[in-house]
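sharing a model prediction with you, sequence too.
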Amino acid sequence: MAVAALTGLFAAGFLNAPQSRAQSQAGPVTSPGFEVASIKPSKPGTRGYSIQPLPGRLTASNTTLKMLIAAAYRVYDFQVSGGPKWLDSDRYDIEGKAQGETSPTKAQLMVMLQKLLADRFSLEFHRETKVLPVYSLEVAKGGPKFQQSKDPEGTPYFRLFQRRQITAQRAPLAFLVETLSQLLGRPALDNTGLTGVFDFKLEWTPDEIQVRSTDTPPPTDENVPSLTAALQEQMGLKLVSQKGPVEMLVVDGAAKASEN
């Protein structure tokens, strides 16, 4: 299901459409890779990043290896641990072109990215399941304060603006749950029992529970509530902190890719 627009958190790239996180198998990647792949250090001072699948190719701008691992294996950044210190600091621009005239799917491009990470960055990792803090998204007392879309057949629209406002039309709650996971730095689980697609607007002032961003924060507004308060006041939902199993990708080894 495509999303018309999403900016801010996911930086107009591969993550511009929240999707369920599929689990990929660890181990060597034996599928065909990119026919041509260019890897270069990003220019110092570049702001923002993107990982963008395009017809027949994949581009990445100002990305760390940690970001690339998370994108390739469809996990959140906070599910990637271990590895060298530069895993989350050195930034790269990548251009990968598929073989021939084929137009691989997004999933196929991510498998190609997995192979590139193994071949060019010598990436090795294993999986562990740890019991960590998670958030349960639940309906608050009084019930939900937003409505199902009156036009459910149209194209979903989900936009995050400056990490402090979400506008959604014809969007499933899965989009909100994935965005909350990114914003809060821990998995959010949908325990609302609500199905279908919805129209809603959520506006809040970032506080200490929200993951810090490298972007310059907008001015705070004392009249706008925190994220947890806004969820309850504007949508009739609440976040309940608890613990649960979280799969982690633990990096055992990686090497800096040579420029080409």
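Alright, I've got the coordinates.

ok, Thr102 - contacts?
Gly56 (CB atoms under 8 Å, 6 or more residues apart in numbering). For the C-beta atoms, the positions are set from N, CA and C on the backbone; glycine is no exception.

swap in Ala230?
Counting by CB under 8 Å, 6+ apart, Ala230 touches 202-204, 224.

could you find the lowest-pLDDT member of those residues?
Across the set of those, Val224 stands lowest in pLDDT, at 86.

give me the nearest residue to it, chain neighbours excluded.
Using CB to CB, 6 or more residues apart in numbering and skipping residues adjacent in sequence, the residue nearest Val224 is Thr205, 4.6 Å away.

Leu132 contacts Val246, doesn't it?
Yes - in this structure Leu132 lies within contact range of Val246 using CB atoms under 8 Å: 4.5 Å.

more neighbours: these two, which one.
The residue with more neighbours, out of Leu132 and Val246, is Val246; 18 against 14, by other CB atoms under 10 Å.

helix/strand/coil for that one?
The assignment at Val246 comes out as strand when based on DSSP: H, G, I helix; E, B strand; the rest coil.

show me what contacts it?
With CB under 8 Å, 6+ apart, Val246 has these contacts: 79, 129-132, 134, 186-187.

which among those count as buried?
Using 16 or more other CB atoms under 10 Å as the burial test, the contacts of Val246 include 79, 134, 186-187 as buried.

out of these, who's nearest Phe121?
Gln79 (18.0 Å; CB to CB).

and the closest one, what pLDDT?
pLDDT for Gln79: 95.

contact partners for it?
70, 246-249.

what's the separation between Thr155 and Arg164?
Going from Thr155 to Arg164 by CB to CB, to the nearest Å gives 24 Å.

okay, the two: which has more neighbours?
The residue with more neighbours, out of Thr155 and Arg164, is Arg164; 21 against 11, by other CB under 10 Å.

the more buried one contacts Asp207, doesn't it?
No - Arg164 is not in contact with Asp207 according to CB under 8 Å; the separation is 10.3 Å.

quickly list what's touching both of the two.
Joint contacts of Arg164 and Asp207 (CB under 8 Å, 6+ apart) do not exist.

domain parsing for this protein?
The chain breaks down into these domains under automatic domain parsing: 36-124, 144-235.

run the chain-centre distance for stretch 107-126.
The chain centroid and the centroid of stretch 107-126 are separated by 18 Å under CA atoms, centre = their mean, to the nearest Å.

how about that stretch: buried residues?
108-118, 120-121, 123-125.

how about the strands in this protein?
For the chain, the strands defined by DSSP state E cover 36-41, 50-54, 57-64, 80-82, 91-97, 124-139, 147-148, 157-161, 165-171, 188-190, 198-203, 237-253.

any chance of CSV for these, columns distance to Thr179?
Output for the strands of the chain, formatted as CSV (distance: least, CB to CB, whole Å):
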stretch, distance to Thr179
strand 36-41, 29
strand 50-54, 17
strand 57-64, 19
strand 80-82, 19
strand 91-97, 23
strand 124-139, 11
strand 147-148, 19
strand 157-161, 6
strand 165-171, 7
strand 188-190, 9
strand 198-203, 10
strand 237-253, 13
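
ends of stretch 250-258, how far apart?
23 Å (CA to CA, to the nearest Å).
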